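[1] Sequence below, structure please.
(chains A, B and C, ligands or ions: 2)
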Amino acid sequence: MGSITLQDVRKAFGPHVVIPGANLQIEDGSFVVFVGASGCGKTTLLRMIAGLEDVTSGRIMIDGANVVDVPPARRGLSMVFQSYALYPHMSVRGNIAFGLKMAGLPRPEIDRKVDAAAAILNLTSYLDRKPRELSGGQRQRVAIGRAIVREPKAFLFDEPLSNLDAALRVQMRQEVTRLQRQLKTTAIYVTHDQVEAMTMADRIVVLNAGSIEQYGTPLELYERPANLFVAGFIGSPRMNMIERETEQHRGAATIGVRPEHMTVSRDGDGWSGTVRAAEHLGSDTFLYVDTPEIGSITVRCVGELGLGEGDSVRLRPDPTRIHRFDKSGTAIR
Amino acid sequence: MARRVAVAHTVTATVAAWIVGFVIFFPILWMAITSFKTELEAFNTPPSFLLFQWTTENYATVQERSNYLHHAPNSIIIAGGSTLVAMVIAIPAAWSMAFVPSRRTRDILLWILSTKMMPAVGVLVPIYLIFRDLALLDSRIGLLCILCLSNLPIVVWMLFTYFKEIPKDILEASRMDGATIGRELVYVLTPMAVPGIASTILLNVILAWNEAFWTLNLSTSEAAPLTVFIASYSSPEGLFWAKLSAASTLAIAPILVLGWFTQRQLVRGLTFGAVK
Amino acid sequence: MATQQARTLGRLMLSPTIILLFVWMIVPLAMTIYFSALNYNLLNPGMENFAGLDNYYYFLTDPAFLAAFRNTLVLVGSVLAITVVFGILIALLLDQPILGRNVVRLMVIGPFFIMPTVSALVWKNLLMHPVSGLFAWIATSLGLEPIDWFAEAPMFAIILIVSWQWLPFATLILLTALQSLDAEQREAAEMDGARSLSTFLYITLPHLARPITVVILIETIFLLSVFADIFVTTGGGPGLQTTNIAFLIYSQALMHYDVGTASAGGLVAVVVANILAFFLVRIVGRNLEA
Ligand SMILES: Nc1ncnc2c1ncn2[C@@H]1O[C@H](COP(=O)(O)OP(=O)(O)OP(=O)(O)O)[C@@H](O)[C@H]1O
Ligand SMILES: [Mg+2]
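    Ligands and ions are numbered 1, 2, ... in the order given. Okay, the predicted model is just below:
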């Protein structure tokens, strides 16, 4: 059990408004990722759900009960910190068991649960070590173990993988996802890495300056971004935004075409331009094309096209995958 | 070539440093040596450095007259008690300023420091009169309170600088784990801060043990700690330097040893974090 | 962390300290101010009456005050000069590659842990005694006339003792600061062709400026109220030669029982100390981000 609802949650530090008002409905068992640029309020929102930070106004409901006045210790959530925040003076076993001990569980039950959690996370042989004797990935697992052992209503993760190297990050990403699917516990996961967001989430919350810009499944966000911000934020390389009004797209102040939704040819019709730079990744080629008509455009082509700097090309967008936005930046459907 | 220069440099520096260290330490050493001489020997010229009849009779005498055994417990009670009371008051305060800072925290900290700057003579008269009226003169509890208050700023500051280095995340993690704030202090913060807390205790025991303004002015015999006991040797009728040395050695030995163990932290604590 | 609950609790846990220190500072200070405006002698209880600023007048114009003021300045100034200069030299020495540095460190810091009554008496009797003190023996062996320190140069003797007590403090702080001076920075200066003297003048000394200030200010706070050393050696004498302000106030209060004048003197001491404290607090405050 663990549905979480935010109703008009507002947060201000003194005069400085960080979250102007957030509404969100997180279903039990789902994996929700908060993404957004640095400083947009992801951590703040998560900490308010955790109870580590007060809400200025609004309500946070966990399983239908308003918890804004409930201290973190009694909200029944658990959190994995970016710094892991392991207790340095306790062994791995002590770290994982701490929450159960605080809950007053009997010793044999604690041991049973700790052993079970350690088995899931491959920590069994490290149970007697201190955190400083572990590698980064192992510490991360201890932090996760500490979170799952309490069987919380929801897990809260604040950029838990950002201190790991790239390879380990991919591995842990999959592990966390697998674990969450297996336990079916609601999870809220903060990151600014959109690959993490796209691959892990059931649903993504895109935050911008404290406001929720869109809430939807990864594919919804990719295929039907609600506005310019989301369109620009999701997808890499960024969507090309073309501000010039063209005949075909009357009514749109801006149209957006993702780099992968363009075809390139040496001649034919379409926008003409000159390749300014080309990045050859083998599997893909990124072309940065200067066009007199619509400015600088990024194109992603599959495979190797043999195009290089200075070549003149023609660009044709896939007409079914053009995104249109009105003056205020909202998508036109 | 460069190596030979380096060796010569090390040798010179080592010799010079040992000489300087020895000169600075010499009065303490001399006191300790004298405490093992007979009174006659202690007064002899030329003085004998190591080749004399070593005796422990002075220690026996100092013990026997039992002055020492009366005053040493006073020192222990006053120094230890004032430090412990100060810790009990200061740990929550330092927790509060390190982990729940407010806009005024900085000013409060500096104000706390400034109370330590107030010269004791400035308030000697009223404190003396208050003590007289409350019958606290020459009482251990009175001295304990005064030394506790006069060291409280240092205790708060030292603890604050140690607590500042503990990541807030870990305390928050314990809160997420269901610990109340009391349990967080006991199970998480205190064990993590043990080294800092220990050296704070030691430094303040040292300061209180050696405090000689309030102890000299507010106690005479019953509650008098070792500072006062030693001061009674200031007008020697007759020659009893060996006994003075023995008593002095006894008075400083425990604290010297404590001090040696904590010397590194001590410097940082005393500068209120102003020198890293 | 910053939930209302935690903040409330934080204030609650901070308040005992604040209240105690506030009372400890304000109550006696207020009484001092009050007494300083009275004719109040403990020998004539019940005869107190309002004296206005008379006590300040008496205290400040008393030749004893001028003498004590001068003595205080001489004592503080000399001890500061000695401890800072020798502190720098010894710190530089200890910063060299030394075999057994830890032992040397322990020897150097030793005096700091000695209670002032002990160090004063040990120096007075074992070292400076004109007949059988070690210094007298050294002087005689060198064919010189032994000095009767406490009769001929009492202030100098006190300065020597107090400097010995404070030298470790200065040395250790400066050594700590030196060790934090980036080795690379020094090596870069050497690579630039700077010789050791210029390295010291242009790199090391500026780096030490702050710790030196801290040493000076903290020592000053303590040195202004040097008391026990004088109390057990000279008792302020001969005459007024070693009476400093702290000792003068003590003798007004507890030897002459003149509460009014002593209180006025106490306030003078508070004012002086606060001027210094102001600077120290600012320096400390600057590198404190609370
Ligand atoms: N205690 C505080 N007092 C004042 N402002 C704060 C406080 N904590 C955060 N802020 C401000 O709130 C905004 C959001 O901060 P938050 O930490 O939630 O960002 P974030 O999205 O987690 O960023 P990042 O990706 O860098 O972690 C920032 O502008 C920050 O400056
Ligand atoms: Mg963050």
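[2] Now name the helix or strand holding residue 96.
    If you meant another chain, say so; for now it's chain A. In this assignment (DSSP states H and E), A:I96 forms part of helix A:92-102.
[3] Just the buried residues of that helix, please?
    Within helix A:92-102, the residues scored as buried using 16 or more other C-beta atoms under 10 Å in any protein chain shown are A:92-102. To be clear about C-beta, it is placed using only N, CA and C from the backbone, and glycine gets the same treatment.
[4] Stretch A:155-162 too?
    A:155-161.
[5] next one: stretch C:6-14
    C:6-7, C:9-10, C:13-14.
[6] Turn these into TSV, including distance to C:P28 and pLDDT.
    Below are these laid out as TSV (distance: C-beta to C-beta, whole Å; pLDDT from 0 to 100):
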residue	distance to C:P28	pLDDT
C:A6	34	80
C:R7	32	82
C:L9	31	84
C:G10	29	84
C:M13	26	87
C:L14	22	89
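[7] how about these, which pair is most distant?
    C:A6 and C:L14 (12.2 Å; C-beta to C-beta).
[8] Got phi/psi on the closest residue to chain A within the stretch 1-150 of chain B?
    Per C-beta to the nearest C-beta, the residue of the stretch 1-150 of chain B with the smallest distance to chain A is B:R103, at 8.7 Å. Dihedral pair for B:R103: phi -60, psi -30, per degrees, to the nearest 10.
[9] For ligand 1, see how far away it is.
    According to C-beta to the nearest ligand atom, to the nearest Å, B:R103 and ligand 1 sit 11 Å apart.
[10] Output the contacting helices and strands for the helix or strand where C:M13 lies.
    Secondary structure from DSSP H and E places C:M13 in helix C:4-36. Helix C:4-36 sits against helix B:67-99, helix B:105-116, helix B:121-133, helix B:140-164, helix C:259-286, with contacts defined as 3 or more C-beta pairs under 8 Å, 6 or more residues apart in numbering or on different chains; DSSP states H and E.
[11] Just name the most buried of those.
    helix B:140-164 (a mean of 23; mean count of other C-beta atoms under 10 Å in any protein chain shown).
[12] Please say whether there is contact between that helix and chain A.
    No: using C-beta under 8 Å from any C-beta of the partner chain, we find that helix B:140-164 stays clear of chain A, coming within 14.1 Å at best.
[13] before we move on, back to that, so which of the buried residues of stretch A:155-162 sit within strands?
    Using DSSP state E, A:155-158 are the members of the buried residues of stretch A:155-162 that sit in strands.
[14] Show me where chain C has its strands.
    C:38-39, C:49-50.
[15] Include mean neighbour count when you put the ones you listed into CSV, please.
    Putting the strands of chain C into CSV (neighbours: other C-beta atoms under 10 Å in any protein chain shown) gives the following:
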stretch, mean neighbour count
strand C:38-39, 18
strand C:49-50, 8
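[16] just so I know, which of those strands lies nearest chain A?
    Nearest of those to chain A, taken as C-beta to the nearest C-beta: strand C:38-39 at 48.8 Å.
[17] what's the burial count for the residue of the stretch 1-150 of chain B closest to chain A?
    B:R103: 8 surrounding residues under other C-beta atoms under 10 Å in any protein chain shown.
[18] separation between it and A:V17?
    In this view, B:R103 and A:V17 are 18 Å apart by C-beta to C-beta, to the nearest Å.
[19] what's the answer for A:G270, then?
    45 Å.
[20] The closest residue to A:V313 other than its chain neighbours is in what secondary structure piece?
    Computed as C-beta to C-beta, 6 or more residues apart in numbering or on different chains, the closest residue to A:V313 that is not its neighbour in sequence is A:V264, at 5.3 Å. Secondary structure assignment for A:V264, by DSSP H and E: strand A:262-265.
[21] Return the distance of that strand from the chain's centre.
    Distance, stretch centre to chain centre, for strand A:262-265: 31 Å (C-alpha atoms, centre = their mean, to the nearest Å).
[22] List the buried residues in the next helix or strand after it.
    Once strand A:262-265 ends, the next helix or strand along the chain (criterion: DSSP H and E) is strand A:271-280. For strand A:271-280, the neighbour count (16+ other C-beta under 10 Å) marks A:271, A:273, A:275, A:278 as buried.
[23] what's near enough to touch the nearest residue to the second one once chain neighbours are set aside?
    Translated: A:G273. Take A:G273 and drop its neighbours on the chain: the residue closest to it by C-beta to C-beta, 6+ apart is A:T291, 3.5 Å away. The neighbourhood of A:T291, defined by C-beta atoms under 8 Å, 6 or more residues apart in numbering or on different chains, consists of A:271-274, A:297, A:315.
[24] Of those, which is the nearest to chain B?
    A:I297 (43.9 Å).
[25] Double-check that that closest one belongs to a helix.
    No: membership of A:I297 in a helix is not supported by DSSP: H, G, I helix; E, B strand; the rest coil, which gives strand.
[26] beta partners of it?
    A:V289 (DSSP bridges).
[27] So which bits of the helix or strand that contains A:F286 are buried?
    Assigned by DSSP H and E, A:F286 belongs to strand A:284-291. Residues of strand A:284-291 classed as buried: A:285, A:287-289, A:291 (neighbour count, 16+ other C-beta under 10 Å).
[28] Show me which of the residues you listed is closest to ligand 1.
    A:Y288 (27.9 Å; C-beta to the nearest ligand atom).
[29] isn't the closest one right up against A:T298?
    Yes: if you go by C-beta atoms under 8 Å, A:Y288 and A:T298 touch, sitting 5.8 Å apart.
[30] Tell me which residue is most central in chain B.
    Against the mean C-alpha coordinate of chain B, by C-alpha atoms, centre = their mean, the closest residue is B:I206 at 1.0 Å.
[31] Helices of chain C, residue ranges please.
    C:4-36, C:54-61, C:63-94, C:101-109, C:116-121, C:134-141, C:149-152, C:154-180, C:183-191, C:196-198, C:205-223, C:228-233, C:245-250, C:259-286 (DSSP state H).
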